[in-house]
Structure formats: structure tokens, C-alpha cells
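Enquirer: Below is the sequence, then the predicted model.
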2 protein chains.
Amino acid sequence: MEKTQLELEQVAHTLKLLGDKTRLTILGLVKDGECCVCEFVEVLQMSQPSVSQHLRKLRDAGFVKERKSGQWVFYSLNAGHEAFDLIQEVLQQIPDQKEKLSALEKAGLRIQCDS
Amino acid sequence: MEKTQLELEQVAHTLKLLGDKTRLTILGLVKDGECCVCEFVEVLQMSQPSVSQHLRKLRDAGFVKERKSGQWVFYSLNAGHEAFDLIQEVLQQIPDQKEKLSALEKAGLRIQCDS
DNA sequence: CCATTATATAAGTACATGCTTATATACGCA
DNA sequence: TGCGTATATAAGCATGTACTTATATAATGG
């Protein structure tokens, strides 16, 4: 698996999308597995539409893919993306985000969706 | 030299600054050595004030340092920055920018400043 | 000193971004 | 079919961003 060089503009576009606290947290959350939208809302403590709009940007860019199951939508990293390596390099640099989920769970604030 | 984990907010802030074509090119140019402002202007084909404003952002963030010599100002990567490793990882992903400088020189459009 | 050159800053403006509230869509279930 | 829940979209607004033009600062050389 060779790394193919990305165009400068593509790297800039990628970093621009990653350069946001909310989106970076979302990607950190799905780094090791898919997450449901309601989990993002819970962890991020943000309004559902706001989260949804960030997810759209990540989805439009192809950084994440969605899987619909019942009334829930699960998001995960898209390993097939051209900039996947770059994204992973970046995610390696941030503190673990999954802890936030387990912390919430421990605090009794259980996530509603049964993922 | 261990890599110390960066705060998520710091990574986001860093990527936001890197997520711009002009600034990414500037950093690509100084990756292996200092460059003079007039070189950036020449390569980027942008107005001098615009370039200067991008340089200020990079300088304010501490990504680059400046060295004044006569009437010229030379910029270089600041290897002491907390996010230096992240920045280098990113710069590794973009095409070589120095070629643009040598290309200009070959084309006879010599840079004025004698660096 | 004065003119020239290199660079920085300031002010104005067009456009992008990220929220908000309101509403639409879509699914599951009684 | 109709209600509740999960998610997406739309519209509006405040703020941020990246240019522009004009001007300030600083160094150099006559």
C-alpha cells in the first residue's frame, strides 16, 4: 500500500475541514468504530441540527460513510478516501475521544440509541 | 524526542491555519530552508499585502520565525513549536514547493533579493 | 536628507462559516 | 393511520476570513 501524493489543494481542503473542534471530535469518535448521531449530540453537547450540519460536511467530503439502521444513522471513517492516511495521521495526534462516550455512560447519562 | 500529545483544540487551531492553499504553500517553501518575503510574492503570484497578512498569521501562531537582514525579512519553520511534528507530517503529504522557485529562476524571472 | 525598495499595517468589502429556530422526512409502533 | 423519535434540511443572522487599496515603517544608497 503506497501512499500516493495528494494535490496541495486537496490537502488544504482536507485540513480546512479537519480544522474545527467539533468535526475533529466527531472523527476522533469514529476512529475505532461507528457512532450513532445521537451519540455525537450527547458527547458534543450541541444542538442536533448543528451536529447534523457538521456530519454533512464530513460526508460530502467523503471522510465518513453512513449506515442507516432503523431510525438511526451510524457514521464511520471511510477508509477508501484518498486522504485517509492524512486523516489518520492527524487523528493520531489528538487525545482519545472514546473516553468521553464511556464517561457519559458511567455518569448514568446513557445514550438512547441501542447501537 | 518523544511526541507529546497535543490538546484537541490546539490541533484544530493548527489545522485551521494549515487549511489554506496560500499558507500551505508558504510552509512548503520554507520546509527545507528560509525564504524571503519577495520570493513568496513571486511564487504565489499574489499582492504583497495579502502575502504579508498570511505570514503574520503563521508568525502569530509561532509556526514560522523571522530573521531580518537589511531590508529583507526571511522566514523559516520554527522547529521549537509544540505542533512542529504535526506540521511536518502534513508538509510531507504535499508536493514539493521548492520546484516552483527554481522554475521561476529558470524562466529568467529572477528573484530580486540576494538571499 | 531624499528617493527607492521591502515589508507591515489599516480600513473597507465580499463572501464563507457556524450557529439558531423552524420545519421536513423517514422510520417504528400502537 | 396517526404519533413519537431520529435525523436532515432550510432560512436567517452574527461573526470570521481573505482579499483589495491606501498608507506607514524601515533600511539602503545617492
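Expert: Sure, I can see it. Residues are numbered from 1 along each chain as shown, chains lettered A, B, ... in the order given.

Enquirer: Nearest the geometric middle of chain A, what residue?
Expert: Nearest to the mean C-alpha position of chain A, by CA atoms, centre = their mean, lies A:Leu27 at 2.6 Å.

Enquirer: In this structure that one contacts A:Tyr75, no?
Expert: No. In this structure A:Leu27 lies outside contact range of A:Tyr75 using CB atoms under 8 Å: 9.5 Å. For every residue, glycine as well, the C-beta is placed using N, CA and C.

Enquirer: How about the contacts made by A:Asp32?
Expert: A:Lys98 (CB atoms under 8 Å, 6 or more residues apart in numbering or on different chains).

Enquirer: ok so, going back, next one: the residue nearest to the centre of chain A from A:Gly80, what distance?
Expert: 15 Å (CB to CB, to the nearest Å).

Enquirer: Could you point out the helix or strand that follows the top helix by length along chain A?
Expert: Counting residues, the longest helix found in chain A (DSSP state H) is helix A:48-60. Next helix or strand after helix A:48-60 toward the C-terminus (DSSP states H and E): strand A:64-69.

Enquirer: Just the CA atoms of that next one, as CSV, please.
Expert: Taking Å, rounded to 0.1, in the frame of the first residue of the first chain, the C-alpha atoms of strand A:64-69 are listed here in CSV:
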residue,chain,number,x,y,z
VAL,A,64,-17.1,9.4,6.7
LYS,A,65,-19.8,7.0,5.4
GLU,A,66,-23.2,6.4,6.8
ARG,A,67,-25.1,3.3,7.5
LYS,A,68,-28.8,3.5,8.2
SER,A,69,-30.4,1.1,10.6
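
Enquirer: Enumerate the positions of it that are buried.
Expert: A:Val64, A:Lys65 (16 or more other CB atoms under 10 Å in any protein chain shown).

Enquirer: Do whichever helix or strand comes after it and DNA strand C come into contact?
Expert: Using DSSP H and E, the next helix or strand after strand A:64-69 towards the C-terminus is strand A:72-77. No. Strand A:72-77 stays clear of DNA strand C (CB under 7 Å from any atom of the strand), getting no nearer than 8.7 Å.

Enquirer: How far off centre is the next helix or strand after strand A:72-77?
Expert: Using DSSP H and E, the helix or strand that follows strand A:72-77 in sequence is helix A:84-91. When distances are taken as CA atoms, centre = their mean, to the nearest Å, helix A:84-91 is centred 12 Å away from the chain's centroid.

Enquirer: quick one: average pLDDT of helix A:84-91?
Expert: Taken as a whole, helix A:84-91 has a mean pLDDT of 97.

Enquirer: Show me what counts as buried in the host helix or strand of A:Glu99.
Expert: Take DSSP H and E as the rule and A:Glu99 turns out to sit in helix A:98-106. By neighbour count on 16+ other CB under 10 Å, the buried set for helix A:98-106 is A:Lys100, A:Leu101, A:Leu104.

Enquirer: Could you take those residues and lay them out as CSV, with extra columns for distance to DNA strand D and pLDDT?
Expert: Below are those laid out as CSV (distance: CB to the nearest atom of the strand, whole Å; pLDDT from 0 to 100):
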residue, distance to DNA strand D, pLDDT
A:Lys100, 17, 89
A:Leu101, 14, 84
A:Leu104, 15, 77
